[in-house]
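**Student:** Predicted model and sequence below, questions to follow.
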Amino acid sequence: MIQRRKTTMYKVLCVALLMAFAVAFESGCATKKYVRNRVAERVAPLENRTGELEETSRRNTQQIGELRTGIDDVRLRADRAQSTADNASSSAEQANTRVTGVERNVEDLRANLDKYSVQTTSMVFFKPGSAKLTSEAMAQLDQFASQITDRRGFVLEIVGYGDSGKATRYNQSLAQLRAEAVQRYLADKDNVPLMRMFAVGFGASRPMTMQNASTSSDSSITTGAANASTMPRRVEIRLLTNAAVDTRPSSTGASSQIR
């Protein structure tokens, strides 16, 4: 009887132990599962947040690259604009310099427009009562015209005189005809433009003596063509040049026409 009770108690004790072990085991498994669930609940949002941060970082990196490209493009455009502005400024300065030079030249031209100076003179003589050019006079006019070939900015002052010192209508008319004869010859034979010549007859005024003719350093008089009696029967030619114009002959040669 006692033995049977011991056996029963032993069995009850074993069953209790098994149940306690089972409960403990089940409790441990439940605890681990709970822990795993709690960890999973915490990890999942972190993983999602990490993914969002990575995506945000990728987008930021892309935007930074695009921004750098835009900045480089803006710098390139700014450099081009600065270069264009520098070129425009240089062109403006050059244009201003040219305008200043032109204005200065115009002012010089205005200042010297009516300033003429005598470059050379010449005289030709006529027979009494005649306005016809002699062969010596023609040769002398040709020689005079050769000195103004290709010259610019000049005028010829042609002044004729009569046969004597008496101021008569005849002398006045003869003096004018002689001046016009010289003008016509220079235009026809030596191609001097009419707009560069003006002829006038002074009659018996301004008589010139042999002494004045021989001492005139800039006059061209044919040797032996003048004497005391022929001094009134002359035409004086003066070459006047404008100070505002370059009057140096060009290099085209003496065969060119006078301009």
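**Tutor:** Thanks, I have the structure now.

**Student:** any low-confidence regions in the stretch 151-259 of the chain?
**Tutor:** Applying pLDDT under 70 to the stretch 151-259 of the chain flags residues 165, 205-230, 244-259.

**Student:** hmm, 90 instead?
**Tutor:** Scanning the stretch 151-259 of the chain for pLDDT under 90 picks out 151-154, 162-171, 190, 202-233, 241-259.

**Student:** Which stretches in it count as helices?
**Tutor:** When secondary structure is read from DSSP state H, counting those that start in this stretch, the stretch 151-259 of the chain shows helices at 169-190, 210-215.

**Student:** So which of those helices is the most surrounded?
**Tutor:** The highest mean neighbour count among the helices of the stretch 151-259 of the chain, using mean count of other Cβ atoms under 10 Å, belongs to helix 169-190: a mean of 19. C-beta: built from backbone N, CA, C; applies to glycine.

**Student:** helices or strands next to that one in the packing?
**Tutor:** helix 135-146, strand 154-160, strand 197-201, strand 234-242 (3 or more Cβ pairs under 8 Å, 6 or more residues apart in numbering; DSSP states H and E).

**Student:** So which of the helices of the stretch 151-259 of the chain is nearest Val155?
**Tutor:** Nearest of these to Val155, taken as Cβ to Cβ: helix 169-190 at 11.8 Å.

**Student:** Now do the closest one: everything it contacts.
**Tutor:** Counting contacts by Cβ atoms under 8 Å, 6 or more residues apart in numbering, the residues outside helix 169-190 that touch it are 124, 126, 129, 131-133, 137-138, 141-142, 145, 156, 158-164, 192-194, 197, 199-204, 233, 235, 237, 258.

**Student:** okay if I get the helices of the stretch 151-259 of the chain as CSV plus distance to Ala44?
**Tutor:** Conversion of the helices of the stretch 151-259 of the chain to CSV gives the following (distance: least, Cβ to Cβ, whole Å):
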stretch, distance to Ala44
helix 169-190, 116
helix 210-215, 129
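
**Student:** on that earlier part again, could you redo the helices and strands packed on helix 169-190 as CSV and give each row mean neighbour count and distance to Thr97?
**Tutor:** Formatted as CSV, those follow (neighbours: other Cβ atoms under 10 Å; distance: least, Cβ to Cβ, whole Å):
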stretch, mean neighbour count, distance to Thr97
helix 135-146, 16, 41
strand 154-160, 20, 32
strand 197-201, 18, 40
strand 234-242, 21, 26
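
**Student:** Turn those into a markdown table, including distance to Ala78.
**Tutor:** A markdown table is the format used below for the helices and strands packed on helix 169-190 (distance: least, Cβ to Cβ, whole Å):
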| stretch | distance to Ala78 |
| --- | --- |
| helix 135-146 | 67 |
| strand 154-160 | 59 |
| strand 197-201 | 66 |
| strand 234-242 | 54 |
